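All I have is the shape, not the residue letters:
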């Protein structure tokens with residue numbers, strides 16, 4: 001149990017004792033501001049912590065995205081998790097109306113009390129605009145750091161608006177709501193202008209923020225290095241095909257700027273004590289468990305608590321744990337994810353390289369065993385540190401389907417990444433394990449991608465090799481990467497490595513989006529899949545299988561393998577792990593087969609479907625509520641306004 005209760009989200013902690021009730025009472029009139037906020041550092045910190053809370057109180061799982069309203073919808077539209085066919089990937093649905101657009105934008109530009117993007121932006125701008133004048137009694141260093149945090153958060157909010165809608169109105173001062181003031185009718189800024197504002201805020205944040213905070217009281221707040229790393233992420237997105245029609249030009253200035261930003265962030269963070277954590281796959285797994293304390297890999301982190309009330313709990317532990325362990329039933333891994341991870345030598349998992357999809361657990365990348373669990377492997381928790389999990393089915397003599405340990409998982413593998421082996425199975429839903437939002441490894445992958453795009457394949461491979469060397473992949477053949485003959489192969493290698501290293505960390509959708517990997521579309525000039533030699537995601541599906549016990553063995557409901565499996569357990573941290581895997585492989589060959597599930601993993605009302613994302617979905621239009629209350633705003637090309645007219649706003653200009 002932590003000795004401190006963290007409730008303010010990413011980067012900040014707010015102690016409940018003696019301050020939160022008073023502060024929230026002061027903020028009942030959410031759309032107004034009281035200058036007493038700046039009467040003392042304590043009062044100002046309450047305000048700042050509450051701003052963080054409005055941004056990150058919903059961030060309770062690593063697969064959730066979008067500040068302010070975190071959800072896992074985007075991750076469920078990728079290969080990582082199957083079974084959810086929402087309208088955006090449903091082949092029978094085509095969306096073009098403003099009524100169909102996501103409502104993340106909020107209602108309108110106003111002093112609305114709702115926790116919406118422009119309210120959060122306004123709250124940040126209030127500190128930036130007034131703290132120096134109204135808070136003159138506060139120390140200069142405190143005011144500088146306060147503004148730095150608000151510049152950082154404002155940049156993050158505009159970035160998520162950009163990734164959702166393209167260019168948006170840029171409001172950087174505190175406005176009073178008015179129906180008659182024409183000057184408050186801000187138009188949609190271009191993507192170029194929006195990115196410029198985001199970068200300006202991040203540079204201001206980097207100039208104002210410290211390289212580190214007091215670990216016992218302020219760990220988790222954004223640092224100078226975090227602001228520079230976020231600049232790298234933003235400029236990488238800006239250089240990618242979604243926003244950059246000249247992406248295929250190795251001399252394109254956007255790639256150069258993104259590379260420079262990545263290298264600058266790397267230099268700063270390295271000087272500040274950050275870097276890749278550990279030198280083995282075991283270290284790689286354990287770094288996610290560094291809790292409420294500095295971890296050199298964690299550039300930004302969501303602090304969580306195991307408290308049962310008034311706290312942010314990490315919901316991931318409960319969602320991925322199997323029924324037999326006291327969890328929510330597990331997250332089944334689609335076959336496409338199981339078959340994705342490299343072999344132990346870093347080579348692709350092909351038959352020619354020795355891959356057997358039935359014995360999928362043999363000879364894999366060390367990260368595979370820390371990302372997935374499977375029948376016969378050790379996956380412990382506080383009450384049973386040596387627990388071995390089993391998830392298979394069989395038919396009894398009457399033909400009824402039964403499940404081992406009641407684990408009804410339609411996949412031979414299930415996600416275990418970022419799971420805590422010391423978690424209390426009586427309270428998985430109150431996990432206090434922190435969530436790493438931005439890791440040093442991602443920054444290195446950003447740099448590798450920029451090197452690839454600018455044609456510097458040697459440095460691209462060097463940065464990819466750092467990622468693989470850290471987890472123990474042997475150095476032969478460029479750590480299994482092989483020889484990359486051109487920039488397209490190098491870019492594909494970068495995207496592949498991101499899928500492995502950052503799996504289930506909420507990053508895959510954004511990579512798909514910025515590279516437009518759902519499809520190629522000649523009418524839109526989208527040909528990135530063809531260029532990179534990748535298969536478009538459209539037309540594919542996430543596939544599930546059950547592990548089925550071959551023999552019935554009994555005429556009742558008894559598990560036919562219960563006694564046979566009792567001596568089986570594999571643990572990647574054991575010295576005899578390879579022998580354990582060999583024993584498990586023999587057990588699988590003798591007792592299991594893979595069978596199709598009762599209904600396809602990807603289905604619409606029970607009918608199998610393939611993913612079908614439309615070209616206009618990469619950047620959404622503004623929703624009806626926004627366009628009808630802000631009639632001067634233009635609708636995005638590919639979407640219709642509330643009156644059926646085609647949009648004219650080009651997010652690529």
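That came through fine. It should be emphasised that the depicted structure is a prediction, and the values quoted were computed from it without experimental measurement.

going forward, measure contacts between C-alpha atoms and count neighbours the same way
OK.

How many neighbouring residues does residue 477 have?
12 (other CA atoms under 10 Å).

three-state assignment of it?
helix (DSSP: H, G, I helix; E, B strand; the rest coil).

can you list the domains in this protein?
Domain assignment for the chain, taken from automatic domain parsing, gives 20-28+38-86+115-302, 334-417+546-595.

which of the ones you listed is buried the deepest?
Most buried of the domains of the chain by mean neighbour count (mean count of other CA atoms under 10 Å) is domain 20-28+38-86+115-302; its value is a mean of 20.

Taking the centroid of the chain, which residue is nearest it?
The centroid of the chain falls nearest to residue 506 when counting by CA atoms, centre = their mean (1.5 Å).

show me what contacts it?
Neighbouring residues of residue 506 by CA atoms under 8 Å, 6 or more residues apart in numbering: 62, 63, 64, 65, 72, 75.

residue boundaries of the helices in the stretch 51-200 of the chain?
Remark: helices assigned in the stretch 51-200 of the chain by DSSP state H, counting those that start in this stretch are 117-134, 140-165, 191-208.

which stretch among those helices comes nearest residue 351?
Residue 351 lies closest to helix 140-165 among those, at 38.6 Å (CA to CA).

quick check: mean pLDDT across the closest one?
Average pLDDT, helix 140-165: 98.

so what secondary structure elements neighbour that helix?
helix 41-56, helix 117-134, helix 191-208 (3 or more CA pairs under 8 Å, 6 or more residues apart in numbering; DSSP states H and E).

TSV please, covering these and showing mean pLDDT.
Supplementary listing: the helices and strands packed on helix 140-165 in TSV, determined by pLDDT from 0 to 100:
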stretch	mean pLDDT
helix 41-56	96
helix 117-134	96
helix 191-208	98
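
so which of those gets nearest residue 87?
Per CA to CA, nearest to residue 87 of those: helix 117-134, 23.9 Å.

how far is the closest one from where the chain is centred?
28 Å (CA atoms, centre = their mean, to the nearest Å).

With stretch 160-169 instead?
On CA atoms, centre = their mean, the centre of stretch 160-169 falls 18 Å from the chain's centre.

Could you tell me the end-to-end distance of it?
Across stretch 160-169, the terminal residues are separated by 13 Å (CA to CA, to the nearest Å).

Can you pull the poorly scored residue ranges out of the stretch 151-300 of the chain?
177-180 (pLDDT under 70).

In a markdown table: the contacts of residue 506, plus distance to residue 345.
Shown next, in a markdown table, are the contacts of residue 506 (distance: CA to CA, whole Å):
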| residue | distance to residue 345 |
| --- | --- |
| 62 | 28 |
| 63 | 28 |
| 64 | 32 |
| 65 | 33 |
| 72 | 33 |
| 75 | 28 |
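
Would you check the distance separating stretch 310-320 from the middle of the chain?
The answer for stretch 310-320 is 15 Å, by CA atoms, centre = their mean.

which outside residues touch it?
By CA under 8 Å, 6+ apart, stretch 310-320 touches 5-9, 57-58, 60-62, 303-307, 327-331, 414-416, 418-420, 428-435.

ok, and for that stretch, which residues are buried?
Residues of stretch 310-320 classed as buried by neighbour count (16 or more other CA atoms under 10 Å): 311, 312, 313, 314, 315, 316, 317, 318, 319, 320.
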